[in-house]
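Engineer: Fold the stuff below for me.
(chains A, B, C and D)
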There are 2 protein chains.
Amino acid sequence: MTKATYSISELANEFGVSNRTIRYYEEKGLVQPRRVGQKRIYSAADRVRIKLILRGKRIGMTLKESVEIIDLYDPEHNNEEQLHSLINSVRDKRRRLLQQQQDINDMLRGLDEVESLCQQALSSQHLSRS
Amino acid sequence: MTKATYSISELANEFGVSNRTIRYYEEKGLVQPRRVGQKRIYSAADRVRIKLILRGKRIGMTLKESVEIIDLYDPEHNNEEQLHSLINSVRDKRRRLLQQQQDINDMLRGLDEVESLCQQALSSQHLSRS
DNA sequence: TTAGACGTTTACGTTAACGTAAACCTTGCT
DNA sequence: AGCAAGGTTTACGTTAACGTAAACGTCTAA
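Structural biologist: As a prediction, the model looks like this:
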């Protein structure tokens, strides 16, 4: 059962960030939790937004970029022109992500190579010792 | 035929960054070009280092992290202990990269979904018009 | 020989994304 | 009543990764 509401510390702990970080996201308009008294109460939707923002961060997006992507999902887009421009921006994002995929694959191959060289070096050391 | 040396502007233009950026990388010890008079002369190896640094940047690594990865390639690692710690750090990097791959794939799927919704919206508009 | 293109150093300015500290509520134990 | 655990606001501090401006050298084509 997925909880309906969360305190700030619950989310901070879940995602491994500080409370300050989450408040900062609110300062920047990335989330708008309800208030009860003066305490912030986060909904499941708020939680997802934060999660997506942090996913963006992991792959090197700025907060603004993450929000741009998240906002692609909400249907404020009615007329044909808006839809076309939305499609274009989707394609832009996709291009960058594909480039990143390429970069990551290149790096992974590099790491594979390094590791296998290490293994070789280790095994040859062991051989010369016996 | 791959050039042997490059001026700072040549590299800056090739990679789409400013001269200042490249000098900054030198300030931070990421490259050490030769000097002729007081002008900087970059070797093919310098060029590759810069390229790798920028690749790291694209996927959200700090300069320090990029250098860490680049330095995995050079063979300063002799004894068994160093080799093992090197292997461990390779595995750490790999873990992060795999997570990033996952994140990017998730985002790409999201974008696919958004685009196809747009297409549907557009085609239904066109239908209702005819 | 002088203007323009390219390079240099020095140094202060800027932005994003928080960290950190102080001073203050509120709530539930004990 | 008192206090510890959570929350709050306000506001200044910090770091990375450059941008930008000033003031200067050097070479070369007109």
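
Engineer: which residues are contacting the longest strand belonging to chain A?
Structural biologist: The longest strand of chain A (DSSP state E) is strand A:39-43. Strand A:39-43 has contacts (Cβ atoms under 8 Å, 6 or more residues apart in numbering or on different chains) with A:4-8, A:10-11, A:23, A:26, A:31, A:33-35, A:50. Backbone N, C-alpha and C define where each C-beta goes, glycine included.

Engineer: rerun that using 10 Å as the cut-off
Structural biologist: Residues outside strand A:39-43 that contact it (Cβ atoms under 10 Å, 6 or more residues apart in numbering or on different chains) are A:3-8, A:10-11, A:19, A:22-23, A:26, A:31-35, A:46, A:49-50.

Engineer: Just the buried residues of those.
Structural biologist: A:Tyr6, A:Ile8, A:Leu11, A:Ile22, A:Glu26, A:Val31, A:Pro33, A:Asp46, A:Arg49, A:Ile50 (16 or more other Cβ atoms under 10 Å in any protein chain shown).

Engineer: among the residues you listed, which are in helices?
Structural biologist: Those of the buried ones among the contacts of strand A:39-43 mapping onto helices are A:Ile8, A:Leu11, A:Ile22, A:Glu26, A:Asp46, A:Arg49, A:Ile50, per DSSP state H.

Engineer: Mind putting those into JSON lines with pLDDT and distance to B:Pro75?
Structural biologist: What follows is those, written out as JSON lines (pLDDT from 0 to 100; distance: Cβ to Cβ, whole Å):
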{"residue": "A:Ile8", "pLDDT": "98", "distance to B:Pro75": "48"}
{"residue": "A:Leu11", "pLDDT": "98", "distance to B:Pro75": "45"}
{"residue": "A:Ile22", "pLDDT": "98", "distance to B:Pro75": "44"}
{"residue": "A:Glu26", "pLDDT": "98", "distance to B:Pro75": "49"}
{"residue": "A:Asp46", "pLDDT": "97", "distance to B:Pro75": "50"}
{"residue": "A:Arg49", "pLDDT": "97", "distance to B:Pro75": "46"}
{"residue": "A:Ile50", "pLDDT": "98", "distance to B:Pro75": "43"}
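
Engineer: and of these, the nearest to chain B?
Structural biologist: Minimum separation from chain B among those (Cβ to the nearest Cβ) is found for A:Arg49, which lies at 13.3 Å.
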